[in-house]
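Enquirer: below is the sequence, then the predicted model.
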Amino acid sequence: MATVIDGKAFAVGLRKKIAESVSSLVNEHGIKPALAVVLVGEDPASQVYVRNKGKQTVEAGMDSIEHKLSIDTSEEEVLSLVNELNNDPRINGILVQLPLPKQIDESKVINAISVEKDVDGFHIENVGKLSIGEESLVPCTPAGCIMLLKDHFGSLSGKSAVVVGRSNIVGKPVSMLLLKESCTVTITHSRTQDLPGVCSQADILIAAVGVPEMVKGDWVKPGAVIIDVGINRISTEEGKTKLVGDVDFKGAMEVAGAVTPVPGGVGPMTIACLLRNTVIAACRQHNLDVPEAIKTF
Ligand code: NDP
C-alpha cells in the first residue's frame, strides 16, 4: 500500500513558519504584511475561499483587507480599485478572486495588478518570468505541489513527470516548476493519445483535470508518486455528496508509492502558499531577504 501524503499537516507546518517570519518582520523591521482580496459577486465557493484566506492571513499575523463588490460592478470600477491598491504602500499583496462576472475581462484585471503585488502569480509578467526561470511570484497551487514533492523526494532531478491538464492556473505553471527542478516533463490534455500509457511512464504523476476519479490505478507506474489536484463534488449512493479528486484514490493506493488524498492533500497547501507569497512580496518590496524558513525554491 502507498503512503498517504498529508498535505494538511504540511500546510500547518508551513503556516507556522510563515507566522514566525511575519513576527520577525514586525518586530525587527516594523513591517506588517497586508493582503487585499477583491471579491465581485456572491458565488458561494468564492465566498468560502475568501473567508478562509482572510482568516488564515490574520492567524499568520498579517492584515487582511477584503473588498466585496456587487455582482453588477463594472470593469472600470474593479480596475480603479486595483489601481488604488497598487498605489497603497500598506498593501503588499493583491488577489482578485476568480471567476469574475461576465462583464469583466479577467485578463485585463489580472494584468492591471502590480507585478510585485500579484500574489496569485497570474500576471503575464510573472508567468513569463516563471517560464524563463527568473525570480517571480509563483502560482499557489503549483507551488504547493512542488513543496510536497520536494518534501517527499528531496531532489526531483531526472525524474519523469507527467502532468494531466494544461490550464494556466495549474497544469502549465506546475509543468514549468517541474522543469525548473530538472524533471523530464510531459504535459497531457484532452487530445493526448493513449493517456493511460503516457501516465504509466511517470515517476511523478500530477492530475489537474476536473474529472472525478479519472486516473485509474492501472495507469500508475508501481512506486510512482501521485499529486491529485482535483477537487470534485460528487453524489453518493446514500443521496449525500462528497469531495473526490481526479484520481481513483483506492486504485492508486494499491500501486503507487505515495498519493495525496482529497480532501487533505494539495487543497490546504494553496492558501498556505498564498500567505507565503504575501510575505515574499512584502520582503521584496522592502528590499529584504526572504526568510530562509519559507524559501523552499
Ligand atoms: P481546467 O478546466 O482549466 O483545465 C482542465 C485540463 O484538463 C485541461 O487542460 C483539459 O484539456 C484537461 N482535460 C479535461 N478532460 C480531460 C481528459 N478526459 N483527458 C485528459 N485531459 C483532460 O481546470 P483547472 O486546471 O483549473 O483545475 C483542474 C482541477 O483542479 C479541478 O478539479 C479544480 O477544481 C482543481 N483545482 C484545485 C485547486 C486546489 O487548490 N487544490 C486549485 C485549482 C484547481 P484541454 O486543455 O485539452 O481542454
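Expert: All right, it came through fine. Residues are numbered from 1 along each chain as shown.
Enquirer: residue boundaries of the helices in the protein?
Expert: Per DSSP state H, the chain carries helices over the ranges 7-29, 44-59, 75-86, 106-110, 124-131, 140-153, 171-180, 195-199, 249-253, 267-285.
Enquirer: comparing these, which comes out most buried?
Expert: helix 267-285 (a mean of 25; mean count of other Cβ atoms under 10 Å). In short, each C-beta sits where N, CA and C put it, glycine included.
Enquirer: which non-adjacent residue is nearest the residue in the stretch 1-150 of the chain that the ligand sits nearest to?
Expert: The minimum distance from the stretch 1-150 of the chain to the ligand, using Cβ to the nearest ligand atom, falls at Thr141 (4.1 Å). When the adjacent residues along the chain are set aside, Thr141 lies closest to Thr270, with 4.8 Å between them (Cβ to Cβ, 6 or more residues apart in numbering).
Enquirer: which parts of this structure sit against the ligand?
Expert: By the rule Cβ under 6 Å from any ligand atom, the part of the chain lying against the ligand is 141, 164-167, 169-171, 188-192, 195, 208-211, 229-232, 246, 266-267, 270.
Enquirer: grab the most central residue of the chain for me.
Expert: Thr141 (1.5 Å; Cα atoms, centre = their mean).
Enquirer: distance of the nearest residue in space to Ser24 that is not next to it in sequence from Glu116?
Expert: Nearest non-adjacent residue to Ser24, counting by Cβ to Cβ, 6+ apart: Pro291, 6.7 Å away. When Cβ to Cβ, to the nearest Å is applied, the distance between Pro291 and Glu116 equals 18 Å.
Enquirer: next: Lys102.
Expert: Distance of Lys102 to Glu116, given as Cβ to Cβ: 29 Å.
Enquirer: compare the two (neighbour count), which wins?
Expert: Each of Lys102 and Glu116 has its neighbours counted (other Cβ atoms under 10 Å); Glu116 has more, 18 against 7.
Enquirer: on the pLDDT front, check that one for me.
Expert: At Glu116 the predicted local distance difference test score is 98.
Enquirer: show me where the stretch 151-297 of the chain has strands.
Expert: Secondary structure of the stretch 151-297 of the chain, counting by DSSP state E, counting those that start in this stretch: strands at 160-164, 184-188, 204-207, 225-228, 232-235, 241-244, 258-259.
Enquirer: returning to what we had before: show the buried residues in the residues of the chain next to the ligand.
Expert: Those of the residues of the chain next to the ligand that meet the buried threshold are 141, 164-166, 169-171, 188, 195, 208-209, 229-232, 246, 266-267, 270, by 16 or more other Cβ atoms under 10 Å.
Enquirer: for Asp72, find the nearest of the strands of the stretch 151-297 of the chain.
Expert: When these are compared for distance to Asp72 using Cβ to Cβ, the nearest one is strand 232-235, at 27.8 Å.
Enquirer: name every strand pairing with that closest one and say which way it goes.
Expert: Counting by DSSP bridges, the strands paired with strand 232-235 are strand 241-244 (antiparallel).
Enquirer: returning to what we had before: help me confirm that the residue nearest to Ser24 comes into contact with Val22.
Expert: No: at 9.3 Å, Pro291 and Val22 do not qualify as touching, with contact defined as Cβ atoms under 8 Å.
Enquirer: anything in contact with each of the two?
Expert: Taking Cβ atoms under 8 Å, 6 or more residues apart in numbering as the contact rule, the neighbours common to Pro291 and Val22 are Val279.
Enquirer: about what we covered before: can you name the residues that contact the residue nearest to the centre of the chain?
Expert: 169-170, 174, 208, 229, 266, 269-270, 273.
Enquirer: how about a cut-off of 7 Å?
Expert: By Cβ atoms under 7 Å, 6 or more residues apart in numbering, Thr141 lies in contact with 169-170, 229, 266, 270.
Enquirer: which of those residues sit farthest apart?
Expert: Pairwise over those, using Cβ to Cβ, the maximum falls at Ile169 and Val266, 12.4 Å.
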